[in-house]
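> give me a 3D structure for the following:
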Amino acid sequence: MGFLIDTNLWIAVERGGLSAAGIQAITRQAPVFLSPVNLAEIRFGIDLMNDKKHRLRAMTMLRRLRRKPLLRITGETAEIFGATAAELTRPDAVPTFASKTCGSPRRPFNANVRCSRQTPKTLKTFPT
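Below you'll find the model as predicted:
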């Protein structure tokens with residue numbers, strides 16, 4: 001089993017709001033994966049940056065992240081994603097996970113990968 005870390009957590013590490021050791025304390029020796037969504041969100045943000053210094057720093061972070069294994073998104077993944085996103089978007093939906101089997105509305109579903117995402121409650125559980 002491995003972990004799929006939400007883009008917000010990668011950005012928090014880069015900005016110094018969360019330590020890499022904090023993430024490692026949760027993931028331990030398990031592999032950490034990226035999804036194409038992570039790469040798209042980070043690249044989107046980088047391309048919108050006006051400050052050249054911050055942009056170079058963010059590109060360095062992106063290069064480091066590209067070393068991680070990348071999850072593949074398939075047609076089946078897309079359908080599961082759509083159904084899961086719709087379920088979690090319903091007004092009566094209550095998000096009940098922070099680090100469980102994937103079910104995030106922005107992540108591919110994979111039974112062998114755990115998702116970790118940043119919420120006010122879960123961010124407190126990550127050591128800094």
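
> just how off-centre is the strand or helix carrying Glu79 within its chain?
Per DSSP states H and E, Glu79 falls inside helix 75-89. Chain-centre distance of helix 75-89: 17 Å, with C-alpha atoms, centre = their mean, to the nearest Å.

> for stretch 80-94, same thing?
18 Å.

> stretch 61-70 now?
The mean C-alpha position of stretch 61-70 is separated from the chain mean by 12 Å, C-alpha atoms, centre = their mean.

> contacts for that stretch next, please.
2, 10, 14, 31-36, 38-39, 42-43, 46 (C-beta atoms under 8 Å, 6 or more residues apart in numbering). (C-beta placed from N, C-alpha, C; glycine too.)

> try stretch 42-59
Residues contacting stretch 42-59 (C-beta under 8 Å, 6+ apart): 7, 10-11, 14, 61-62, 65.

> kindly recompute the last result at 10 Å.
Identification of contacts with stretch 42-59 by C-beta atoms under 10 Å, 6 or more residues apart in numbering yields 7, 10-11, 14-15, 34, 61-62, 65-66.
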